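[1] predicted model and sequence below, questions to follow.
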Amino acid sequence: MWIQILRNKYLTSRTLAQATIRPNDSPFWKGLMRIKSNFFQRVKFIVGDGTSTRFWEDTWLGDSPLALQYLMLYNITQRKQDYVSAVLQSIPINMHFRRALVGARWEAWMHLVRRLIQVQLSHHSDSVRWTLTVNGVFSVKSMYTDLANSGPLARSLHIWDIKVPLKIKNFMWFLHKGVVLTKDNLIKRSWRGRSNCCYCDQHETIRHLFLDCPLAKLLWRTIHIAFNVIPPTCINSMFTTWLSGVDVKLSRLIRIGICALLWAIWNTRNDIIFNGKKFNNFLQVIFRATSWIRTWSSLSLADNRELMATGCSRWEMVARVIFNRFGWRASNRLGV
């Protein structure tokens, strides 16, 4: 039944939310439940009237279900299967908990309420968007590719197609496998030292260093502004399904730039930790990255070199504009 549901590109959110199979302990049943779980992890619900979207367990506000974003609230709510329409039908919000909201729970609830105030229900039916394709329509190929690259033996095929030096490809492969020696990985090897990030003093992990650190977020923001490229949601998707639907030629050029960005973050981090160098601002990382892109362009076809040079100039220009707004003089360019 679920195989037919997955192949129906015109499937409505109501069908998805209400489709069930009679449970039993057979391997067939368990396999179907895994398919269902994997499917909903890759679906985004677009709320209309809210009658077909589960408030806690569907992804509709943010990039993950509210049950994961606000786990402490989900654990004590009385009605976990409520739909969005049932929760937002009245003021105050129709939500009841089994325990008092105090301390961290109260803060989490206030944070959620502030987000819910901005949600406006309409008379249109809810709809479903497939997150792995540009047009939002489900395809078996996109799901198969994502499953193949998100498993324990992810293939990392895109990494080896990029026109960058071999040592950079090896670094990206280690990054994708989660074995780059960030401080959390060193601690697992009995290293005794501080686990703080050198950029922001939070706990250093691969995801934090390259995606969640304030510096990394600012760098990804400059890319978003310069090229209208939405940052990846996780390290795993960066070299797998992140650019699905983008022109193949363009996606390869984008990945060259991302290689340079991640390599620049890593080398700047190492200079701070091991060489005692001072970190002044994120221009230091951007100009380092663009310098490498220009150097690596010699590995690409002649037609692509001009595009890469233009991209570097645009990226640097956006960075200068951002710095000028904070009083930075663009003439003070930092060297590589």
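    Good, I have the coordinates.
[2] where along the stretch 101-250 of the chain do the helices fall?
    For the stretch 101-250 of the chain, the helices defined by DSSP state H, counting those that start in this stretch cover 104-116, 140-150, 157-161, 166-177, 183-188, 206-207, 214-227, 235-238, 248-274.
[3] and the ones you listed, which is most packed in?
    Highest mean neighbour count among those (mean count of other Cβ atoms under 10 Å): helix 235-238, with a mean of 20. C-beta here means a position set from N, CA and C on the backbone, and glycine is covered the same way.
[4] if you average pLDDT over that helix, what comes out?
    The average pLDDT within helix 235-238 is 83.
[5] compare the helices of the stretch 101-250 of the chain and give me the one nearest R288.
    helix 248-274 (4.2 Å; Cβ to Cβ).
[6] how is the protein partitioned into domains?
    2-130, 151-325 (automatic domain parsing).
[7] which stretch in the ones you listed has the least confidence?
    Of all the domains of the chain, domain 2-130 has the smallest average pLDDT, which comes to a mean of 78.
[8] ok so, going back, between the domains of the chain, which gets nearest to T145?
    Nearest to T145, of the domains of the chain and by Cβ to Cβ, is domain 151-325 at 6.1 Å.
[9] so of the domains of the chain, which one's packed in deepest?
    The stretch of those with the highest mean neighbour count (mean count of other Cβ under 10 Å) is domain 151-325, at a mean of 16.
[10] want to try TSV for the helices of the stretch 101-250 of the chain, with distance to R34 as columns?
    Shown next, in TSV, are the helices of the stretch 101-250 of the chain (distance: least, Cβ to Cβ, whole Å):
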stretch	distance to R34
helix 104-116	29
helix 140-150	10
helix 157-161	24
helix 166-177	24
helix 183-188	29
helix 206-207	25
helix 214-227	32
helix 235-238	18
helix 248-274	30
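[11] out of these, which gets nearest to A289?
    Using Cβ to Cβ, the helices of the stretch 101-250 of the chain put helix 248-274 closest to A289, at 4.0 Å.
[12] what angle do that closest one and helix 214-227 make?
    For helix 248-274 against helix 214-227, the angle by axes from the mean of the first three to the mean of the last three Cα atoms, to 10 degrees is 150 degrees.
[13] ok and helix 248-274 relative to helix 166-177, angle-wise?
    90 degrees.
[14] what packs against helix 248-274?
    The contact analysis (3 or more Cβ pairs under 8 Å, 6 or more residues apart in numbering; DSSP states H and E) places helix 248-274 against helix 157-161, helix 166-177, helix 214-227, helix 283-296, helix 302-325.
[15] so for W242, which of those sits nearest?
    helix 157-161 (8.8 Å).
[16] quick one: which of the helices and strands packed on helix 248-274 is nearest L116?
    The closest approach between L116 and any of these, judged by Cβ to Cβ, belongs to helix 214-227 at 24.5 Å.
[17] check which helices and strands the closest one sits against.
    Using 3+ Cβ pairs under 8 Å, 6+ apart: helix 214-227 touches helix 248-274, helix 283-296, helix 302-325.
[18] hmm, try it at 6 Å
    helix 302-325 (3 or more Cβ pairs under 6 Å, 6 or more residues apart in numbering; DSSP states H and E).
[19] quick one: the helix it packs on to helix 283-296, angle?
    Using the same axes, to 10 degrees: helix 302-325 against helix 283-296 is 170 degrees.
[20] which secondary structure elements does helix 302-325 sit against?
    helix 214-227, helix 283-296.
[21] right, so of those, which gets closest to R129?
    helix 214-227 (19.8 Å).
[22] who touches the closest one?
    Y199, C200, F210, V229, P231, F282, R314, W315, V318, A319 (Cβ atoms under 6 Å, 6 or more residues apart in numbering).
[23] do the same with stretch 76-87
    Residues contacting stretch 76-87 (Cβ under 6 Å, 6+ apart): 47, 49-51, 53-56, 93-99.
[24] one more time with 8 Å, if that's ok
    Stretch 76-87 is contacted by residues 17, 47, 49-57, 60, 67, 74, 93-99, 105, 116, 119, 121, 126 when judged by Cβ atoms under 8 Å, 6 or more residues apart in numbering.
[25] how far does it stretch from start to finish?
    15 Å (Cα to Cα, to the nearest Å).
[26] and G257, how far from N304?
    Plainly put, G257 is 12 Å away from N304 if you go by Cβ to Cβ, to the nearest Å.
[27] again, but for S313
    15 Å.
[28] do the same with I93
    53 Å.
[29] one more: I322?
    Distance from I322 to N304, by Cβ to Cβ: 27 Å.
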